[in-house]
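J.: below are the sequence and a predicted model for it; my questions follow.
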Amino acid sequence: MKEKKYFNIYKSIKKQILCGDYKPGTKLPSKRLAADKLGCSVITIEAAYDMLADEGYITSKERSGYYVNHIDISELYPNNSNQDELNYLQIPTVDYTIHDFEYSLWFKTIRKVIAEKGQELFIKSPNMGCAILRNAISDYLYHYRNMIAQPAQIIIGSGAEQLYEIVVKTLGASLTYGIEDPSYPLIEAVYQNAGVNIKKLKMEHDGIASFALYDESINVLHVTPFKSYPTDITISVKKRYEYLQWASDGKYIVEDDFNSEFFKPGQPTETLYSLDNNNSVIYINTFSKSLSPSMRIGYMILPEPLLSIYEERLGIFSCSVPVLDQYILADYISSGNFERHLNRMRRKKLY
């Protein structure tokens, strides 16, 4: 967009002031003289001078003219010579052949949602996410993962990191959180940033070692039961029940089910959440691996007893995922496209 002439004049004079070409106390040319010199109208010069005066660079003195103010720029502009230079970032070249995502189908879904929903897409998202997406996720989990999660229990967030933070804000930062050792570095980083006490629990061939699990100081256990990174361990049913037994006396398990959609065909992995009878498992998953790393949408299933605590502590905060993105994903899931995508990916054994 072409800039207005008065704005260019304003920038030019401002630069001269900051560079010291116009010393403090210097009188600027009169509006008429400046207009004649620059080949523009007096109104244009007046608009530029008014902007400079509003920002404190010059002062108008009645029947005298405009004078440059004293401005100490040594702290504001320590390296004044490069102010007007932009150092653009290098845009990486992406090899789209490494991704096996049906972009055309996704873009078709976008066009469909925009055409059908219209103004509905401009309504503010509820705190826990849009009902249409929470319903779609609940239905998908029931039919595809054998998990019963009421839509009212599902919270939409922009990726795993935010959902980890929501866990801490819901349960409290004063608790001690046990994590797998080794584990995905981001898990430890988020908890450290949240200021919680962390205990690293030794991993063995079948999950967290029993002697480490029963550390009496641990209140919350964060685990990745399916192909834990970097060990690639998927814990057995026996170990899953051991985790649930540990949590049976009022403790909580955060089940980080990242990448779990890519189980062997016909053998969906039973989640801790689906085995839990004590409302002790907080389930987290995202669409970053199943769809695309750019898909910054994840979801959490909170046990019903924690919903009131969540509402009390986090109910005033807005959902960070755009409404349009929520509606698109909801349609993609409800139409069966998501399930067909997962089946195709598993058959190709890309993961």
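T.: Good, I have the coordinates. Residues are numbered from 1 along each chain as shown.

J.: the helices in this protein, which residues?
T.: Listed in chain order, the helices of the chain (DSSP state H) span 5-19, 31-38, 42-54, 103-117, 131-144, 160-171, 185-193, 210-213, 237-246, 272-275, 304-314, 323-334, 337-348.

J.: which of those sits closest to residue 297?
T.: With respect to residue 297, and counting by Cβ to Cβ, the nearest of the helices of the chain is helix 323-334 at 6.0 Å. In this view, the C-beta of every residue, glycine as well, is placed from N, C-alpha and C.

J.: for the helices of the chain, give me CSV that also has mean neighbour count.
T.: Listed next are the helices of the chain as CSV, based on neighbours: other Cβ atoms under 10 Å:
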stretch, mean neighbour count
helix 5-19, 17
helix 31-38, 15
helix 42-54, 18
helix 103-117, 14
helix 131-144, 19
helix 160-171, 20
helix 185-193, 16
helix 210-213, 14
helix 237-246, 16
helix 272-275, 19
helix 304-314, 14
helix 323-334, 21
helix 337-348, 15
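
J.: show me where pLDDT drops low in the stretch 1-150 of the chain?
T.: Across the stretch 1-150 of the chain, the ranges flagged by pLDDT under 70 are 1-3, 73-84, 94-100.

J.: what's the angle from the longest strand along the chain to helix 237-246?
T.: Secondary structure assigned by DSSP state E gives strand 197-204 as the longest strand of the chain. Calculated by axes from the mean of the first three to the mean of the last three Cα atoms, to 10 degrees, strand 197-204 forms an angle of 150 degrees with helix 237-246.

J.: use 9 as the first number for this chain going forward.
T.: I'll keep to 9 as the first residue from here, and by that count the last item is strand 205-212.

J.: what residues sit buried inside strand 205-212?
T.: Under the neighbour-count criterion of 16 or more other Cβ atoms under 10 Å, strand 205-212 has 206-207, 209, 211 buried.

J.: which two in the residues you listed are spaced the farthest apart?
T.: Greatest spacing in these, by Cβ to Cβ: 206 and 211 (15.0 Å).

J.: relative to residue 52, how far out is residue 26?
T.: Here the criterion is Cβ to Cβ, to the nearest Å. By it, residue 26 lies 22 Å from residue 52.

J.: can you put the helices of the chain in TSV and add distance to residue 229?
T.: Below are these laid out as TSV (distance: least, Cβ to Cβ, whole Å):
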stretch	distance to residue 229
helix 13-27	57
helix 39-46	71
helix 50-62	58
helix 111-125	36
helix 139-152	22
helix 168-179	11
helix 193-201	12
helix 218-221	8
helix 245-254	7
helix 280-283	10
helix 312-322	15
helix 331-342	29
helix 345-356	28
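
J.: so which of those gets nearest residue 262?
T.: Short answer: helix 168-179, nearest of those by Cβ to Cβ, at 5.7 Å.
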